[in-house]
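Trainee: Please work out how this folds:
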Amino acid sequence: MIKKQYKIFISATEQSGDNIGSSVILEILKNNTDIIFDGLGGEKMSPLLNKQFYNLKKFPSMGIMEVIFSIKKYINMINHLVNKLIKSNYDLLITIDSPDFNYPLAKKLKEKSNIKMLHIVAPTVWAWRGYRAKKFSKVFDELFVLYDFEVKYFTKYGLKTTFIGHPIYYINKVLDEKNDKKNIAFLPGSRLSEIDSLFPYFQIGYKYLLTNHSKVNVFIPTVPHLKDKIYNYIKNWKLNVLLTSDLNEIENMFNNTTHALVCSGTASLEIAKRNIPQLVIYKLNLFTELLAKLFIKIKFANILNIIDNQMIIPEITNSNLNKKIFLIEFIDLLNSSEKNKKQIQNVNRILDTIYSDQPPYFLVSQRIMTYLS
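Mentor: Modelled structure (predicted):
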């Protein structure tokens with residue numbers, strides 16, 4: 001009897017999704033080398049895909065207005081992908097995060113196919129648009145969530161929901177407390193729109209460092225497709241700056257980093273796991289911010305602040321983000337050792353509550369394989 005060669009399609013439209021997608025593929029391939037993977041993703045998934053349909057450069061959007069202006073493009077992409085999925089007879093569709101793209105993709109495919117569908121990273125129904133939990137339950141066969149508190153929002157609608165823990169599980173804490181560290185990390189975001197929106201504040205931070213801490217190194221970890229964009233912002237900087245997408249170099253630089261200025265999101269969690277004091281900034285366009293004030297049910301942007309229901313990591317967002325407030329908080333980050341010590345203590349207290357008992361990618365890969373047997 002000839003063994004069937006399974007085909008899996010994976011959809012990841014953001015950098016964090018590309019990170020998860022590539023890691024899940026590698027975990028599956030450890031014991032199942034004959035499975036074919038196609039899909040859309042970034043630089044990490046690309047070498048693992050037999051066929052790649054789109055890359056992350058096609059998905060620069062961030063807020064509601066940016067998505068609205070891209071709707072026609074996304075509809076055309078979804079129609080194209082659904083046709084490919086049906087024609088190529090895939091065994092499984094795995095979507096990662098990006099619910100405003102991946103849910104319509106899965107829903108449209110569901111109308112035309114019986115393919116099994118799994119989703120990794122829950123939509124933030126606990127923050128806004130809670131109705132999405134019910135909608136997801138009608139399309140997906142299983143949902144993998146990063147936080148244990150999310151499970152109840154989906155199981156009440158009958159959707160099989162598995163807590164896997166957050167991928168920061170794999171990041172090592174920076175335990176070296178040597179006093180000769182000289183790096184200050186700037187993490188301006190993983191989307192083009194985030195970089196454009198936030199980089200004026202990284203510029204303000206740079207100017208303060210140039211005047212008051214001229215011997216520090218500015219370390220900017222990024223991904224390959226954003227290096228040129230960021231370089232254009234920093235090419236005239238006079239401090240010692242390292243802009244890199246090399247993973248080994250990034251880890252080495254983090255080991256010598258004292259503070260971080262971070263765009264809210266996965267990067268902030270990664271900094272937290274590394275025990276590096278941070279200041280979080282984020283800015284939506286005005287229209288999206290006004291809508292958010294009407295509908296969003298949470299007070300904070302950073303997930304650790306949300307979980308603890310208090311600001312354990314300082315954050316400045318949206319209309320509150322201006323030069324005066326930013327400088328006050330940035331200077332405080334650099335100079336207030338007691339506040340930074342307390343931040344790290346609180347961060348570790350909350351981080352201990354979001355890990356699963358087993359490695360997240362191992363848990364996901366084990367569940368995926370049950371759909372192929």
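
Trainee: ok, which stretches of the protein are strands?
Mentor: Using DSSP state E, the strands of the chain run over residues 7-12, 36-40, 51-52, 92-96, 116-120, 142-145, 161-163, 183-187, 217-221, 240-244, 257-263, 278-282, 315-317.

Trainee: need the helix or strand of this protein with the lowest average pLDDT.
Mentor: Of all the helices and strands that make up the chain, helix 64-69 has the lowest average by mean pLDDT, DSSP states H and E, namely a mean of 67.

Trainee: just to revisit the earlier point, which stretch among the strands of the chain comes nearest Q358?
Mentor: Ranking the strands of the chain by their distance to Q358 (criterion: CB to CB) puts strand 161-163 first, at 10.6 Å. The C-beta positions use only the backbone N, C-alpha and C, and glycine is treated the same way.

Trainee: Any stretches of the stretch 201-350 of the chain with poor pLDDT?
Mentor: Judged against pLDDT under 70, the low-scoring parts of the stretch 201-350 of the chain cover residues 287-289.

Trainee: Ignore what I typed, I meant the stretch 1-150 of the chain.
Mentor: Using pLDDT under 70 as the threshold, the predicted model of the stretch 1-150 of the chain has low-confidence ranges 1-3, 61-67.

Trainee: so what's the nearest residue to E315 once chain neighbours are set aside up against?
Mentor: Distances taken as CB to CB, 6 or more residues apart in numbering place V280 nearest to E315, at 4.0 Å, with adjacent residues excluded. Neighbour list for V280: 262-264, 268, 301-302, 313-316 [criterion: CB atoms under 8 Å, 6 or more residues apart in numbering].

Trainee: Please repeat the previous calculation with a cut-off of 10 Å.
Mentor: For V280, the contact set (CB atoms under 10 Å, 6 or more residues apart in numbering) comprises 187, 260-265, 267-268, 271-272, 300-302, 304-305, 311, 313-317, 329.

Trainee: what does I220 give?
Mentor: For I220, the set of contacting residues under the criterion of CB under 10 Å, 6+ apart consists of 184-188, 202, 226-227, 230-231, 233-234, 241-245, 250, 253.

Trainee: from those residues, which would you call buried?
Mentor: Buried residues within the contacts of I220, counting neighbours by 16 or more other CB atoms under 10 Å: 184-188, 202, 226, 230, 233-234, 241, 243, 245, 250, 253.

Trainee: Report the beta-bridge partners for the residue nearest to E315.
Mentor: V262, E315 (DSSP bridges).

Trainee: From Y157, how far off is it?
Mentor: Distance check for V280 against Y157: by CB to CB, to the nearest Å, it reads 32 Å.

Trainee: and the nearest residue to A292 once chain neighbours are set aside, how many neighbours does it have?
Mentor: Here the nearest residue to A292 in space, its sequence neighbours aside, is L284; by CB to CB, 6+ apart that works out to 6.6 Å. Burial of L284, expressed as a neighbour count using other CB atoms under 10 Å, amounts to 22.

Trainee: If anything else comes up later, I'll come back, but that's it for now.
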